[in-house]
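K.L.:
pasting a predicted model and its sequence here:
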Amino acid sequence: MLHSFLPQPPTDAAVSGSDVRVSAIHHKPLTTSQVYQLSTFRGVACEFSSWIWDKIMPLRYRVFLWLAFWGRLNTRDNMIRKHWSLLTEHQDCDICPASESASHIVLRCFPASVIWATFHMNDLASSSTDIVHFMHRAQQAWINSRGVHILFAAAAVTLWHARNDRIFNNKRWPPSYLRREVHDEVSQARQKASTMKHRRQEQESARREKLRQAFLKKRLDKLMAEKQASSASDDQPNS
């Protein structure tokens, strides 16, 4: 993969001092996105990146989801793996007789069962091996698969906040509060999607109007040129 981004033979611009890197595949200047993708994923697409970096995904969710999908959240199983014995002495969930991992918190813990049962997805969540497996199955099960990642993000963030409030503040969120938090988060995401759709429609309308004005101007210039040519020919004396 790296050979496709090697610098091309020196040109006049390169000799003069500027260093322009050009892809050997596309023969176009490299973009920041291409360099980032190469350095981060080594040219291999990440299967859940489209779920996280969607434009309608709230910014405050993205880093959290990235850590969650990679299993890098500071859950008790990770803290034990890192030998953070001063913070926790065990890796067990404080509610369920299971190891506290990101997949357990989001899919199988009691608060998670409350949320997923609301959407008739509790069996799907509890039988999935991890959150990536759950997302793949949810996209196949739901008719409106386009919005599954937004629902998952709202549920995951809510469950993580509930877990932290329970551990650090000894506060347990009732089921009604969990459902309301997820509903509010999903509503905000829908509002953002609606705003973005309206903005795209306005931009498309403005682009079409600009093209229409350019066409009319070009047509008008052509007619005026034809009229001027016709007047010039009429002014010429007959032989």
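P.N.:
That came through, no problem. Residues are numbered from 1 along each chain as shown.

K.L.:
flag the shaky bits of the chain, pLDDT-wise.
P.N.:
1-28, 36-45, 143-145, 234-239 (pLDDT under 70).

K.L.:
and it, what are its domains?
P.N.:
Taking automatic domain parsing as the reference, the chain has its domains at 2-41, 49-194.

K.L.:
max-length helix in this structure?
P.N.:
With secondary structure taken from DSSP state H, the chain has its longest helix at helix 175-235.

K.L.:
distance from that one to the middle of the chain?
P.N.:
Put simply, helix 175-235 sits 25 Å off its chain's centre (C-alpha atoms, centre = their mean, to the nearest Å).

K.L.:
what is the burial count for residue 161?
P.N.:
Residue 161: 14 surrounding residues under other C-beta atoms under 10 Å. Placement of C-beta: from N, CA and C, glycine included.

K.L.:
next one: residue 55
P.N.:
There are 7 residues near residue 55, going by other C-beta under 10 Å.

K.L.:
that one and residue 196 touch, don't they?
P.N.:
Yes - contact criterion C-beta atoms under 8 Å: residue 55 and residue 196 qualify, at 6.4 Å.

K.L.:
so what's residue 186 closest to, chain neighbours aside?
P.N.:
In space, residue 186 comes closest to residue 154 once its chain neighbours are excluded; the distance is 4.9 Å by C-beta to C-beta, 6 or more residues apart in numbering.

K.L.:
quick one: the helix or strand that the one you found is a member of to helix 175-235, angle?
P.N.:
According to DSSP states H and E, residue 154 maps onto helix 148-169. On the basis of axes from the mean of the first three to the mean of the last three C-alpha atoms, to 10 degrees, helix 148-169 is oriented at 140 degrees to helix 175-235.

K.L.:
check which helices and strands helix 148-169 sits against.
P.N.:
helix 49-52, helix 59-69, helix 110-118, helix 131-141, helix 175-235 (3 or more C-beta pairs under 8 Å, 6 or more residues apart in numbering; DSSP states H and E).

K.L.:
so residue 88: helix, strand or coil?
P.N.:
coil (DSSP: H, G, I helix; E, B strand; the rest coil).

K.L.:
which elements pack onto the helix or strand hosting residue 123?
P.N.:
Using DSSP H and E, residue 123 maps to helix 122-126. Packing contacts for helix 122-126, counted by 3+ C-beta pairs under 8 Å, 6+ apart, involve helix 110-118, helix 131-141.
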